[in-house]
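J.: Provided below are the primary sequence and the corresponding predicted coordinates.
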Amino acid sequence: MPPSENEKVILQHGCAEAEALLKLIAGCLGVDLALLKESVELSCIKRAGFVDVYAHTRNLGNEAELLLQVVGKERLVAMGVHIGRINGRYIPMLGFLSLLRRIGIKPKRGYVRLTEGGVKHFLYGRDVWGESISEVARPTENCRGLVAVLNEKGEPVGWGRLQENHDHILVQNLVDLGWYLRSGV
């Protein structure tokens, strides 16, 4: 949602919130944080009540600052790839998974692979379980079950929460690629 004219907007490059989000999610997925930080620079757009975290090329941060001096920070909506939101808690966005795929980083843990039928259910906003799950690589305990949801080819289709009960595994749908179509964004 575009900011209102009176809303205070702060653009900050390399902010502490972005570093914390990146460290947490990289840890959940078992990806090399140093490799990820070599590939992108992080910036935050801070507004009342939340912080949006973006990844972008190193030059974009400087160019954005120059542009904002002309048009004003209150007009800033986004920059780069939206990888997360901090709103009292860390909320990973689909852009984070797409970014990993684009730069060739594969999760080592904290993911589930779904069958073709499982992907169809997941993309309709549904939870999946049982035979729809072909592989589970559990996240660390501090991730509270947060997992990247992948298709059989390893392509990201969303974020889920892994819930296990005795012999049953459920992947609760948190956000999926189909959300963009359903939401009308």
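T.: Nice, I can see it.

J.: so Ile25 sits in a helix?
T.: Yes - the assignment for Ile25 is a helix, going by DSSP: H, G, I helix; E, B strand; the rest coil.

J.: quick one, what contacts the residue lying closest to it once chain neighbours are set aside?
T.: Excluding its sequence neighbours, the residue lying closest to Ile25 (C-beta to C-beta, 6 or more residues apart in numbering) is Pro92, at 5.3 Å. Any C-beta I mention is one placed from the backbone N, CA and C, and that applies to glycine too. Shown in contact with Pro92 (C-beta atoms under 8 Å, 6 or more residues apart in numbering): Leu21, Ile25, Ile83, Gly84, Leu146, Trp159.

J.: In the residues you listed, which residue is surrounded by the most others?
T.: Ile25 (28 neighbours; other C-beta atoms under 10 Å).

J.: how close does that residue get to Arg161?
T.: 14 Å (C-beta to C-beta, to the nearest Å).

J.: need the contacts of Pro92 in JSON lines with distance to Glu135, pLDDT and secondary structure, can you?
T.: Shown next, in JSON lines, are these (distance: C-beta to C-beta, whole Å; pLDDT from 0 to 100; DSSP: H, G, I helix; E, B strand; the rest coil):
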{"residue": "Leu21", "distance to Glu135": "26", "pLDDT": "84", "secondary structure": "helix"}
{"residue": "Ile25", "distance to Glu135": "20", "pLDDT": "90", "secondary structure": "helix"}
{"residue": "Ile83", "distance to Glu135": "24", "pLDDT": "89", "secondary structure": "strand"}
{"residue": "Gly84", "distance to Glu135": "25", "pLDDT": "89", "secondary structure": "strand"}
{"residue": "Leu146", "distance to Glu135": "17", "pLDDT": "95", "secondary structure": "strand"}
{"residue": "Trp159", "distance to Glu135": "16", "pLDDT": "96", "secondary structure": "strand"}
